[in-house]
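S.K.: A predicted structure for the sequence below; I have some questions about it.
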Amino acid sequence: MKQEINPKDTNRAIAFELWTKSPMPMVTLTKTFDVTTRRTAKDNQNDMSMTLRPFSINDAPTILSWCKDKHAFRLWSADRYKEFPAQPEEMMEQYEGDNMFPLTAVADDEIVGHILLRFPSEDKSVIRFGFVIVDDSKRGKGYGKQMLRLAIDYAQRELGVQKITLGVFCDNLSAVECYKSVGFRITGADAYQIDGEVWKGFEMELEQLC
C-alpha cells in the first residue's frame, strides 16, 4: 500500500518549507503543459496525454521503486546517493538550491516519469538534464520521449535556455537511443568510479531548440 509522507514530519522540514516558499524562478513550476496537440503519430496511436508538474516528496516512493536493483539504481543516479535503496528525504536533499527544477511526469493521473532540470553554472543559457527515469513497467511505449519533449519545451519557453546537456552511461543503450530520438547528439565521453568500478559514459547535448 502506498504511504503518504508529510514532509513536515521529516528531518528536511525546514528545507522543504523554504523550497515551497522560494521566489522566482521556482514559481514558474506551478505551470503544467498539456501536450495532446503536439503528440507524434506514435503518441496518437497510444492516445497518450502527459503533463509535467513540480516534484513532491510524496512522489519519491513511487519513483524510487522503479530501481529494482543496485545496478539500475546506479544507471539512474550514478554516485549521487551513498546507499541503495535511497529514501524520499534524500531525494529532497538532492534538489536543494534555486538552480534546481525537479519535475514529475503524469499520465492519466498516474506518475510515469521524473526528470531534473539544473543550471550547472551562472550561465543561464545552458541547462542540464539529470535523474531521468520512466516507470519500468511502461518503458518502450513512448513515455520517455514524451517527457523529454515536454522538458525541452519547458527549458526553452519558461527558462529561456539555448542549449541542453546531459550525461548517460554507455551501456544504458535504450536511454542513449531515446535521447537521440529527440535530437540529442553525443559530444564526448568520460569515465567514472562507481562502487569501485569504472563506468564509461557519454556526454550529450541539444543545441537546435525550436
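M.R.: The structure has been received and is ready for your questions. Numbering: from 1, shown residues only.
S.K.: Need the nearest residue in space to V126, chain neighbours excluded.
M.R.: K163 (4.8 Å; C-beta to C-beta, 6 or more residues apart in numbering). Heads up, the C-betas are built off the backbone N, CA and C, glycines and all.
S.K.: residue contacts, that neighbour?
M.R.: K163 sits next to 125-127, 205-207, 209 when contact means C-beta atoms under 8 Å, 6 or more residues apart in numbering.
S.K.: going on from the helix or strand bottoming out on mean pLDDT in the chain, what's the next piece of helix or strand?
M.R.: Of all helical and strand segments in the chain, the minimum by mean pLDDT, DSSP states H and E falls on helix 41-46, at a mean of 41. Once helix 41-46 ends, the next helix or strand along the chain (criterion: DSSP states H and E) is strand 51-54.
S.K.: By neighbour count, which of the contacts of K163 wins?
M.R.: Within these, I127 tops the neighbour count with 26 neighbours, counted by other C-beta atoms under 10 Å.
S.K.: Using the three-state scheme, assign that one.
M.R.: The assignment at I127 comes out as strand when based on DSSP: H, G, I helix; E, B strand; the rest coil.
S.K.: measure it to F101 for me?
M.R.: Plainly put, I127 is 8 Å away from F101 if you go by C-beta to C-beta, to the nearest Å.
S.K.: Overlap of the contact sets of those two?
M.R.: 117-118, 159.
S.K.: I'm done for today, thanks for sticking with me.
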